[in-house]
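[1] Show me how the following folds:
(one chain, ligands or ions: 1)
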Amino acid sequence: MKILVINAGSSSMKYQLIDMTDESVLAKGNCERIGIDGHFKHSTGDGRVFETDVTMTNHTEAFVQIKNALISEEYGVIQSLDEVSAVGHRIVQGGSLFSESVLVNEEVIKGIESLIPLAPLHNAAHVQGIRACLEVFGDKVPEVVVFDTAFHSTMPEKAFIYPVPYEYYEKYAVRRYGFHGTSHRYVSHRCAELMGKDLKDLKMITCHLGNGSSITAIKDGKVIDTSMGLTPLDGIMMGTRTGSLDPSVVTFIAEQEHLSAEEMDTMLNKKSGFLGISGISSDDRDVTAAAESGNPRAQLAIDILEYDILKYIGSYTAVLGGVDAIVFTAGIGENQSSHRSSVCHALEFMGVKIDDQLNEQMIRGKEGKISTEDSAVAVYVIPTNEELVIARDTMALVK
Ligand code: AMP
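    Reported below is the predicted structural model:
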């Protein structure tokens with residue numbers, strides 16, 4: 001069975017075609033700058049690459065590019081679209097409506113649309129992706145939606161209700177939802193597998209550290225808390241996002257600078273975090289390089305990030321009542337061994353011991369344990385694979 005995984009953004013559409021017989025990636029690519037000037041990149045599992053500038057006025061036109069590439073003589077991986085058994089879509093916001101992956105029908109599309117106020121850019125784009133797929137494939141190819149929020153739907157009320165007047169929860173569904181759920185789900189199950197244990201018997205903290213970052217506490221196989229909130233702005237500091245703040249910082253700066261709610265939203269989401277503190281870049285690699293050459297603000301940005309990670313691991317260890325395993329994943333978690341080292345050495349008080357050499361080697365897609373045999377807590381680096389989870393869920397539902 002071959003499954004096409006789609007991640008539709010407002011101006012981009014990423015895809016992977018996965019052969020479920022061995023879970024290999026047959027082809028992947030990205031339609032970028034949809035509705036602007038347009039760029040398309042497609043690469044195959046055996047190393048063929050096709051790249052072109054092409055105008056795509058909407059997601060349906062982007063989907064046609066994907067279709068043509070998949071069946072092209074030179075860069076194709078299938079003979080015809082009939083070989084695609086199903087399509088799985090990544091959906092950012094499932095709200096309280098969707099606590100698991102489901103097959104797409106008109107009611108499901110309406111449900112995703114009804115959540116647009118909670119994730120205006122993302123959910124609107126996802127619906128465009130689903131409709132584009134329906135136009136190109138017709139309704140004979142089943143579609144499945146997999147939600148970033150679903151894995152977090154097990155959180156207890158005390159973790160997801162914000163202490164603002166309760167009526168805002170009732171009126172607008174303002175609450176913590178959490179994001180990156182598909183990634184936390186993948187790495188937590190994979191970690192349990194590597195440990196030879198059942199996830200239900202483990203207390204685990206999973207750290208998804210990338211451009212956007214979130215940390216999740218898992219007990220009895222269920223999420224009990226996660227750092228992102230109503231939106232992906234909450235939690236630890238990120239590439240361009242603040243993470244958690246005293247809410248008065250927002251009202252104070254807005255008043256002083258005469259900024260509107262929209263302008264504040266842009267400042268908090270796009271101009272803060274690594275970029276805002278360092279003044280150099282949102283990219284960890286650039287900021288780390290600047291810090292190494294003595295830039296004090298770049299160093300400060302790194303210190304804040306490592307401090308934030310440490311604080312979340314500390315507080316989640318308390319809410320879990322101990323921790324058996326800590327997992328690092330995503331761009332920074334998988335590659336920046338220096339942050340892992342700082343955080344883990346600071347956790348020595350609770351028996352965390354890592355092998356520094358192993359830690360330095362565990363980069364660029366390598367998977368494995370970086371803690372020593374006598375460490376009280378197992379520490380793993382596990383490359384995330386959200387597309388594979390989407391494909392597996394899609395296959396399970398279609399079957
Ligand atoms: P993501 O959002 O998961 O793609 O992660 C993006 C972040 O990961 C950026 O801050 C990058 O600096 C960092 N990153 C990605 N790849 C590497 C790498 N090979 N080495 C170090 N950092 C990386």
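[2] how close does residue 68 get to residue 321?
    Separation of residue 68 from residue 321 (CB to CB, to the nearest Å) stands at 54 Å. No exception for glycine: its C-beta is placed from N, CA and C like everyone else's.
[3] which ones are touching the residue most central in space within the chain?
    Closest residue to the average C-alpha location of the chain: residue 180 at 3.6 Å, with CA atoms, centre = their mean. Contacts for residue 180 (CB atoms under 8 Å, 6 or more residues apart in numbering) come out as 148, 208, 212, 214, 216, 228, 232, 330.
[4] phi, psi of the second one?
    Backbone dihedrals for residue 208, given as degrees, to the nearest 10, come out at phi -90, psi 100.
[5] The third one too?
    Listed backbone geometry of residue 212 is phi -110, psi 140, with angles given as degrees, to the nearest 10.
[6] Tell me where this structure has strands.
    2-8, 13-19, 24-32, 39-44, 49-53, 84-91, 102-103, 143-147, 204-209, 213-219, 222-226, 325-329, 368-369, 378-381 (DSSP state E).
[7] just how off-centre is the fourth one within its chain?
    The one in question is strand 39-44. In terms of CA atoms, centre = their mean, to the nearest Å, the centre of strand 39-44 is set 22 Å apart from its chain centre.
[8] Smallest gap between the stretch 101-250 of the chain and the ligand, at which residue?
    Proximity of the stretch 101-250 of the chain to the ligand (CB to the nearest ligand atom) peaks at residue 210, 2.5 Å away.
[9] And for the spatially closest residue to that residue that is not a sequence neighbour, the neighbour number?
    In space, and not counting its chain neighbours, residue 210 is closest to residue 330: 3.5 Å by CB to CB, 6 or more residues apart in numbering. By other CB atoms under 10 Å, 22 other residues sit near residue 330.
[10] so what's residue 386 up against?
    90, 182, 183, 186.
[11] change it to 10 Å
    By CB atoms under 10 Å, 6 or more residues apart in numbering, the residues touching residue 386 are 5, 7, 16, 90, 146, 148, 180-187, 208, 330.
[12] Correct me if wrong: the residue nearest to residue 210 contacts residue 182.
    No - counting by CB atoms under 10 Å, residue 330 does not reach residue 182; the two are 11.8 Å apart.
[13] Look up the residues that both of the two are in contact with.
    Common contacts of residue 330 and residue 182, defined by CB under 10 Å, 6+ apart, comprise 208, 384, 386.
[14] The second one touches residue 183, doesn't it?
    Yes - under the criterion of CB under 10 Å, residue 384 lies in contact with residue 183, with a separation of 4.4 Å.
[15] Touching both of those two, which residues are there?
    Common neighbours of residue 384 and residue 183, counting by CB under 10 Å, 6+ apart, are 206, 208, 210, 329, 330, 333.
[16] Those into TSV, with extra columns for pLDDT?
    Shown next, in TSV, are these (pLDDT from 0 to 100):
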residue	pLDDT
206	98
208	98
210	96
329	98
330	97
333	98
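[17] neighbours of residue 73, just the number please.
    Residue 73: 5 neighbours (other CB under 10 Å).
[18] which residues does it contact?
    By CB under 10 Å, 6+ apart, no residues touch residue 73.
[19] how much space is there between it and the ligand?
    32 Å (CB to the nearest ligand atom, to the nearest Å).
[20] and that residue, what pLDDT?
    What the model reports for residue 73 is a pLDDT of 94.
[21] do the same with residue 360
    Here, the pLDDT recorded for residue 360 equals 98.
[22] which residue packs closest to it, ignoring adjacent ones?
    Spatial nearest neighbour of residue 360, excluding adjacent residues (CB to CB, 6+ apart): residue 337 at 4.9 Å.
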